[in-house]
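Undergrad: quick one, structure for this:
(chains A, B, C and D)
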Protein chains: 2
Amino acid sequence: MPRSQTKKNAILEEATKLFSEHGYWDTSISDISQATGVADGTIFYHFHSKEELFLAVLKNFKEKLISAFSNHLNNHEFETGMDMLEGVISFYLAQANKMEKRFFLLHRHHYYQIAAHNPNCWQQLEEIYSSLIDIFEQAIHIGQQDRSMKTVDASKKAFLIFTLVDGIVRFNTYKLYRADAIYDELIDSCRSMLQSSTN
Amino acid sequence: MPRSQTKKNAILEEATKLFSEHGYWDTSISDISQATGVADGTIFYHFHSKEELFLAVLKNFKEKLISAFSNHLNNHEFETGMDMLEGVISFYLAQANKMEKRFFLLHRHHYYQIAAHNPNCWQQLEEIYSSLIDIFEQAIHIGQQDRSMKTVDASKKAFLIFTLVDGIVRFNTYKLYRADAIYDELIDSCRSMLQSSTN
DNA sequence: TCTTTGACTGAGTGACCATTCAGTTTTTAC
DNA sequence: GTAAAAACTGAATGGTCACTCAGTCAAAGA
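TA: From the prediction side, this is the model:
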């Protein structure tokens, strides 16, 4: 609302766009200031350094991503745990498709490099992944209660399935494999992992 | 053998090490020349630009990785396709563990960014992934012949399993999850995906 | 109206770094 | 042994870019 926040937000928006499209090193402060229509100095007035801005972008992305998932879950009813899982996978893929560029943020290595020496950055990443994996885990718990799934270590299976889905998104954005071509096979595999037991 | 190749190789080795540990942008030509014990100019004598050196590193890595897998497969006999698959997964995880830093190369975004406008780079990446996925696919074909696996679309399943394994390696290197804690669950999941059929 | 505080500006600074090149050394060919 | 070619050197160059700061502008309170 206050004028100051308006500009700060505009900077954050443009920075998100540019960082996710071109990465940290191929985005200069001048690129961002020009895109936003402010002076270079203004960026440093609001954010003390380029890295701080980059981290603010991550935090902002985290909040939006998590709330997108909350909204989706609140507005949908699922018959069974298995349905919920399928719904969540499909929502994840849809989101990745819709804001492909934004998802690049998470697949860029630079955050993980910063995280190695910056606990705050590490925590943001950790929160993103744990809230997403949590959702998968919830679905599995529900599925186990309603007998649509067999008894498994929900936490580990949730991690595996998340990894799988996220990996597919990565290969998709790198154009090495098309996600939509594999969707049915993916759902089928998740079913096998959770429903049946043969050894 | 010729003296020139000796230095060229030394540069390539050091560059591989530094690029994979610190990434493209956090490694300068001077870092590499100092580590190798040559002058900056020598690097440009052998490689025309920093990017060309970076690509040479990828090519070299590709060759070593592929031959490591060939060797492993040639020196091992597997009873069934399922055993082979398990052996390959386990070898992949072991390699990733052994040369963790080198695997960083593949998980750094910069190559994919170059690949977007450089067909040669794209081809290197494509060759790496397709030869790895091919190995998984072979195992599945064998498994289908010896009846240790059900009939599935081998190519798609191979991709899914590769994605899963590679994703686990990524989370492991980022210290967000430990690969060894999930190994049994992973193998178990692959079995479910391939052996049983319930719908 | 005046003043104080916060928001904003953009030219300037200094550090970094890929790349060049004129010159030196080493190797190879004869 | 010598000449030509190849390998190598490192100081110099030019460009980029994060960050600073002295100063301008705007709003809000008195």
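
Undergrad: where along chain A do the strands fall?
TA: Using DSSP state E, chain A contains no strands.

Undergrad: name the residues of the worst-scoring helix or strand of chain A on mean pLDDT that are buried.
TA: Least confident helix or strand of chain A, by mean pLDDT, DSSP states H and E, is helix A:100-107 with a mean of 85. In terms of neighbour count (16 or more other C-beta atoms under 10 Å in any protein chain shown), helix A:100-107 has its buried residues at A:Arg102, A:Phe103, A:Phe104, A:Leu105, A:Leu106, A:His107. (Glycine included, C-beta is placed from N, CA and C.)

Undergrad: give me the nearest residue to A:Phe171, chain neighbours excluded.
TA: Nearest residue to A:Phe171, sequence neighbours excluded (C-beta to C-beta, 6 or more residues apart in numbering or on different chains): A:Tyr177, at 4.3 Å.

Undergrad: same question for A:Phe69.
TA: A:Phe69's closest residue in space is A:Ile135 (C-beta to C-beta, 6+ apart), at 6.1 Å.

Undergrad: ok, A:Phe54 - contacts?
TA: If you count contacts by C-beta atoms under 8 Å, 6 or more residues apart in numbering or on different chains, A:Phe54 has them with A:Ala15, A:Phe19, A:Tyr24, A:His110, A:Tyr111, A:Ile114.

Undergrad: can we see that at 10 Å?
TA: When contacts are counted by C-beta atoms under 10 Å, 6 or more residues apart in numbering or on different chains, A:Phe54 touches A:Ala15, A:Thr16, A:Phe19, A:Tyr24, A:Thr27, A:Phe47, A:Leu105, A:His110, A:Tyr111, A:Ile114, A:Cys121.

Undergrad: quick check: phi and psi at the residue nearest to A:Phe171.
TA: With angles defined as degrees, to the nearest 10, A:Tyr177 sits at phi -160, psi 140.

Undergrad: report pLDDT for whatever residue of chain A ends up closest to DNA strand C.
TA: Among the residues of chain A, A:Gly41 lies nearest to DNA strand C; the distance is 1.9 Å by C-beta to the nearest atom of the strand. At A:Gly41, the pLDDT value in this model is 97.

Undergrad: could you do the one 4 residues further on as well?
TA: Turning to A:Tyr45, the model gives it a pLDDT of 97.

Undergrad: go on, A:Gln144?
TA: Reported pLDDT for A:Gln144: 93.

Undergrad: same question for A:Ser4.
TA: Value listed for A:Ser4 in the pLDDT field: 69.

Undergrad: break chain A down into its domains, please.
TA: Here the domain parsing of chain A from automatic domain parsing is A:1-48, A:51-195.

Undergrad: nearest to B:Ile187, of those?
TA: domain A:51-195 (10.9 Å; C-beta to C-beta).

Undergrad: give me the distance from the closest one to the chain's centre.
TA: Between the centre of domain A:51-195 and the centre of its chain there are 7 Å (C-alpha atoms, centre = their mean, to the nearest Å).

Undergrad: A:Lys178: neighbour count?
TA: Small correction: residue A:178 is Arg, not Lys. 11 (other C-beta atoms under 10 Å in any protein chain shown).

Undergrad: surely it meets A:Phe171?
TA: Yes - contact criterion C-beta atoms under 10 Å: A:Arg178 and A:Phe171 qualify, at 8.7 Å.

Undergrad: how distant is stretch A:31-49 from the center of its chain?
TA: In this view, stretch A:31-49 has its centroid 26 Å away from the chain centroid, taken as C-alpha atoms, centre = their mean.

Undergrad: hmm, that stretch touching chain B?
TA: No - shown here: stretch A:31-49 not in contact with chain B (C-beta under 10 Å from any C-beta of the partner chain), separated by at least 15.7 Å.

Undergrad: name the residues of that stretch that are buried.
TA: A:Ile32, A:Ser33, A:Ala35, A:Thr36, A:Val38, A:Thr42, A:Ile43, A:His46, A:Phe47.

Undergrad: ok, the residue of chain A closest to DNA strand C to A:Lys150 distance?
TA: To A:Lys150, A:Gly41 is 60 Å away according to C-beta to C-beta, to the nearest Å.

Undergrad: ditto for A:Phe91
TA: Counting by C-beta to C-beta, the gap from A:Phe91 to A:Lys150 is 24 Å.

Undergrad: one more: A:Leu55?
TA: Between A:Leu55 and A:Lys150 the computed distance is 42 Å (C-beta to C-beta).

Undergrad: report how many residues lie close to A:Ala15.
TA: Neighbour count of A:Ala15, defined by other C-beta under 10 Å: 25.

Undergrad: what about A:Asn74, neighbour count?
TA: By the criterion of other C-beta under 10 Å, A:Asn74 has 7 neighbours.

Undergrad: sorry, wrong one. I was asking about A:Lys8.
TA: Other residues close to A:Lys8 by other C-beta under 10 Å number 18.

Undergrad: and the closest residue to it other than its chain neighbours, what does it touch?
TA: In space, and not counting its chain neighbours, A:Lys8 is closest to A:His46: 4.7 Å by C-beta to C-beta, 6+ apart. Residues near A:His46 by C-beta under 10 Å, 6+ apart: A:Ser4, A:Gln5, A:Lys7, A:Lys8, A:Asn9, A:Ile11, A:Leu12, A:Val38, A:Glu52, A:Leu53, A:Ala56.
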